[in-house]
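# quick one: sequence and predicted model below, then my questions.
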Amino acid sequence: MGELFMKRCVAGALCILFVTAASLGADGRLDVGVFLRCAGTDDPAKAIEAVKALRFDSVQVSKLPDRFYTPEGAVEFSGMLKRAGVRGPMVVVVFDGESYRDRDAVERTVGLRPTALVTERVAYAKRCVEFAAGIEAKILTFHVGFLPPDPQDPIYQSMLNATREIAEHATARGVTVSLETGQETAAVLEGFLDRLRPLRVGINFDTANLVLYGMDLPPAALKRLLPRVTSVHVKDGLPPADPRALGRETRLGEGKADVRECLHILRQAHFEGPVIIENYVWRDSGTDPLDELRRAREFIEQSK
């Protein structure tokens, strides 16, 4: 690695250091936003208008049509946000072919685990980095996929190297890569991140995923991982009845993620990173997605 690239990485790491949970706010208020796709429409302009009408000023940008992942597309999308008065501090990477139907499907298709797809997925993640930088988003999240239990496993090493390549590219562009919790315990995720040092790779803590995958207790995991948490997804759910299945998402407060306690931990820590409502219960219940977002916001406001 060249000296110039190393200098850019260090500079980028210093810039994004201020996006961490170690930042202290004055009053403990959380920066609550919405996952854009949760507005219930694939049209990004309509989704932005919908969440703004609900008085949200911050979104995590969902997967967009491919035309947006170009310099011109980033300018266009940035204009949408600015006209609506909405910030986009986070971008998600959703790889083509990923399936969350059950645990086996996740193992086969999600993240950087499918070795035959690593090269193209790393290239796509880099495009997403460029898009994030283009709209001035500081955080890029994705699921790395199920990690093999043995760090010496060739698949584990392949996932580690791929994550390192994406993180190096992101750091040079002033963007933090944040891995989503869910498919591993807090301890396993810590070990993976430790192997990526000195690169700064953060954690997008999802309050429900650890329950949906039957992996860990969210409050305990959050306390352990908090120094590395850069962003949060607020979600609730029930654990799987079958170990090969996944759990079921619920409205906030109706599952086993102990969301109130997680919010309390974040407020006590004066967490300043984005706290994003991710709510898809309307897909199975047939309810109005915007009404579900209102309910979620009310739950968060009443959990103080």
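On my side now, so go ahead.
# residue 37 belongs to a strand?
No. Per DSSP: H, G, I helix; E, B strand; the rest coil, residue 37 lies outside any strand segment and is helix.
# got the contact list for it?
47, 62, 63 (C-beta atoms under 8 Å, 6 or more residues apart in numbering). C-betas here are computed from N, CA, C, even on glycine.
# quick one: the nearest residue to the last one once chain neighbours are set aside from residue 59, how far?
Meaning residue 63. Leaving aside its sequence neighbours, residue 63 sits nearest to residue 94 (C-beta to C-beta, 6 or more residues apart in numbering; 4.0 Å). To residue 59, residue 94 is 15 Å away according to C-beta to C-beta, to the nearest Å.
# coming back round to it: Serialize the contacts of residue 37 to JSON lines and add fields for secondary structure, pLDDT and distance to residue 286.
Shown next, in JSON lines, are those (DSSP: H, G, I helix; E, B strand; the rest coil; pLDDT from 0 to 100; distance: C-beta to C-beta, whole Å):
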{"residue": "47", "secondary structure": "helix", "pLDDT": "97", "distance to residue 286": "19"}
{"residue": "62", "secondary structure": "coil", "pLDDT": "95", "distance to residue 286": "21"}
{"residue": "63", "secondary structure": "coil", "pLDDT": "95", "distance to residue 286": "23"}
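# closest one of those residues to residue 131?
Ranked by distance to residue 131 (C-beta to C-beta), the contacts of residue 37 are led by residue 63 at 10.9 Å.
# just list the residues touching that closest one, thanks.
37, 92, 94.
# residue 51 now?
Shown here is residue 51, whose contacts under the criterion C-beta under 8 Å, 6+ apart are 33, 34, 36, 39, 59, 86, 293.
# is it correct that the second one falls within a strand?
Same thing as residue 34. Yes. Per three-state DSSP, residue 34 lies within a strand segment.
# number of residues surrounding it?
By other C-beta atoms under 10 Å, the residues close to residue 34 number 29.
# test my guess that it contacts residue 57.
No. Applying C-beta atoms under 8 Å, one finds residue 34 not in contact with residue 57, separated by 9.7 Å.
# could you work out the most separated pair of the contacts of residue 51?
Across these, no pair lies farther apart than 86 and 293, at 13.9 Å, counting by C-beta to C-beta.
# so what sits against both of the two?
With C-beta under 8 Å, 6+ apart, residue 86 and residue 293 have common neighbours 51, 56.
# how much space separates residue 63 from residue 132?
Distance from residue 63 to residue 132, by C-beta to C-beta: 13 Å.
# if you could redo that for residue 187, that was the one I meant.
Using C-beta to C-beta, we find residue 187 at a distance of 29 Å from residue 132.
# for residue 121, same thing?
From residue 121 to residue 132 the distance is 16 Å (C-beta to C-beta).
# and these two? Which one has more around it.
residue 132 (29 against 23).
# need the pLDDT of the closest residue to residue 234 other than its chain neighbours.
In space, and not counting its chain neighbours, residue 234 is closest to residue 277: 5.1 Å by C-beta to C-beta, 6+ apart. Per-residue confidence (pLDDT) for residue 277: 98.
# ok, now which ones touch residue 277?
Under the criterion of C-beta under 8 Å, 6+ apart, the contact list for residue 277 reads 32, 33, 34, 35, 38, 233, 234, 235, 293, 296, 297, 300.
# low-confidence stretches in the stretch 201-304 of the chain?
Counting by pLDDT under 70, not a single residue of the stretch 201-304 of the chain qualifies.
# 80 instead?
Low-confidence segments of the stretch 201-304 of the chain, defined by pLDDT under 80: 304.
# which parts of it are strands?
With strands called from DSSP state E, counting those that start in this stretch, the stretch 201-304 of the chain shows them at 201-206, 229-234, 236-238, 248-250, 274-277.
# the fourth one - contacts with which helices or strands?
In this case it means strand 248-250. Strand 248-250 sits against strand 236-238, with contacts defined as 3 or more C-beta pairs under 8 Å, 6 or more residues apart in numbering; DSSP states H and E.
# now the third one
In terms of contacts (3+ C-beta pairs under 8 Å, 6+ apart), strand 236-238 is packed against helix 209-212, strand 248-250.
# hmm, try it at 6 Å
Counting contacts by 3 or more C-beta pairs under 6 Å, 6 or more residues apart in numbering; DSSP states H and E, strand 236-238 is packed against strand 248-250.
# now the first one
Using 3+ C-beta pairs under 6 Å, 6+ apart as the contact criterion, the secondary-structure elements in contact with strand 201-206 are strand 176-180, strand 229-234.
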